[in-house]
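[1] the following comprises the amino acid sequence and a computationally predicted model.
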Amino acid sequence: MSIQQWTTDLTGLSSLVQSTAPLPTPGDNEVLVEIRAVSLNYRDVEVIKGEYTHHKSVSGTDRKVPCSDMCGIITQTGPNVTRFAVGDRVLSTFLPDHLTGQVTEKELSRGLGHPAPGVLATHRVFAEEALVKAPEGLSDEEASTLPIASVTAWMSLAGRARKGTVVLLQGTGGVAIAGLQIAKALGATVIITSSSPTKLSQATALGADHVINYRTTPAWDQEVLRLTSGHGADIILETGGAQTLRKSLECIAFGGLINCIGYLSGKIDDPEDDRINVNLLVLRRTVTLQGIINGPRDRFEEMVRFYEERGVKPVVNKVFGFGEVREACGFLESGGHFGKVVVRTTMN
Ligand SMILES: NC(=O)c1ccc[n+]([C@@H]2O[C@H](COP(=O)([O-])OP(=O)(O)OC[C@H]3O[C@@H](n4cnc5c(N)ncnc54)[C@H](OP(=O)(O)O)[C@@H]3O)[C@@H](O)[C@H]2O)c1
């Protein structure tokens, strides 16, 4: 029996090729998963284009199956499997060895979809310790969005955001919308930015307390201060990067936390001058800057319990068929989505 898969040599979306491969057999402590849905991340498009180059230990240009986030069903267990049984519905973890605590270079060097083989296939073998039981009450497509976007937002907010905390989210992509849902479930006040009035209305419908169009209000940092009577945002999910960090440092509350997550506005603001006096800007409002790289499996499992208890349902904006992977990646790259973009791998 053979499986269907997509591979890329990391030279662009046109390098994506659909092919067949032999059905793999699970070894010791491994399981075979029939993959039902794969959720795309900004990182996947970067990987496919050969632009995911900012981690020293993540390199290589060998042709590989991309993507890291999936929901599937276990169809076969190898010897000595104890955590799961055939029929269990499971989710992948971005860094399969990162089970608890602080991430290390070693764990980072085994990320799914680059440099390790990814999940954009109909079947894949996983180490049982690298999987998490999928939450009840979510469709395969919804559940597939949890490993990167939701866990990253969870790591930024859990244990910190509560009633009265002001949370600022940038844009309406996967991390920001997961952040909106988690922050609201924790009782926080949410301010969210977007370039699109339609998406701002969607964010309001999801519970955002204040919305700002960052195109028509380029001084959105001042608007955050105005909306909070000068207090600022207690927690910021800094997904914008080059063109947003300086403004985040202007509208963070005294003693606030900026979670450094992404670089949607670029990795370098001005190639002639990429200096930003972070030292002064951070001390000025006694800020904590925290780098986030996803989260360990135990925090993922904690988040799954939270989603089940609170009935949080991830926002899937569009589902593509398995033959439409290039179109799905192109849609994600265009930034036209609100929340998550998913590829359905089977007809079940
Ligand atoms: N560190 C980690 O563990 C981690 C985990 C996940 C993601 N990330 C990174 O975090 C970033 C967000 O990831 P994602 O998956 O949420 O991406 P995404 O779904 O592709 O987000 C796309 C959205 O970003 C918004 N955007 C673009 N430029 C912006 C700007 N200048 N200011 C504010 N928003 C802007 C747009 O929202 P509007 O259309 O509403 O304007 C766009 O629709 C990426 O850089 C990704 O690599 C890091």
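    Noted; the coordinates are in hand.

[2] how close does the residue of the stretch 1-150 of the chain found nearest the ligand get to A205?
    Per Cβ to the nearest ligand atom, Y42 is where the stretch 1-150 of the chain lies closest to the ligand, at 3.8 Å. In short, each C-beta sits where N, CA and C put it, glycine included. Between Y42 and A205 the computed distance is 24 Å (Cβ to Cβ, to the nearest Å).

[3] quick one: which of the two has more around it?
    Y42 (20 against 8; other Cβ atoms under 10 Å).

[4] I'd say the more buried one and I261 touch.
    No - Y42 is beyond contact range of I261, at 10.4 Å (criterion: Cβ atoms under 8 Å).

[5] next, the buried residues of the least confident helix or strand in the chain by mean pLDDT.
    Using mean pLDDT, DSSP states H and E, the weakest-scoring helix or strand in the chain turns out to be helix 278-284, at a mean of 91. Neighbour-count burial for helix 278-284, counted by 16 or more other Cβ atoms under 10 Å, picks out L281.

[6] show me what that helix is packed against.
    Applying 3 or more Cβ pairs under 8 Å, 6 or more residues apart in numbering; DSSP states H and E, we find helix 278-284 packed against helix 245-251.

[7] how far away from the center of its chain is the helix it packs on?
    22 Å (Cα atoms, centre = their mean, to the nearest Å).

[8] likewise for stretch 239-247?
    The answer for stretch 239-247 is 18 Å, by Cα atoms, centre = their mean.

[9] try stretch 78-97
    With Cα atoms, centre = their mean, you get 21 Å for stretch 78-97.

[10] what's the end-to-end length of that stretch?
    Length of stretch 78-97, first residue to last, Cα to Cα, to the nearest Å: 19 Å.

[11] how about the closest residue to H54 other than its chain neighbours, what does it touch?
    Leaving out its chain neighbours, the residue that sits closest to H54 by Cβ to Cβ, 6 or more residues apart in numbering is K267, at 6.9 Å. Neighbour list for K267: 54, 241-242 [criterion: Cβ atoms under 8 Å, 6 or more residues apart in numbering].

[12] among the residues you listed, which are in helices?
    If you go by DSSP state H, the contacts of K267 have nothing in helices.

[13] compare these and tell me which is most surrounded.
    Going by other Cβ under 10 Å, G241 tops the contacts of K267 with 19 neighbours.

[14] so what pLDDT did that residue get?
    Residue-level confidence at G241 comes out at 87, pLDDT.

[15] from L169, how far off is the closest residue to it other than its chain neighbours?
    Counting by Cβ to Cβ, 6+ apart, the nearest residue to G241 once its immediate chain neighbours are dropped is Y263, at 3.2 Å. Noted for Y263: a distance of 16 Å to L169, by Cβ to Cβ.
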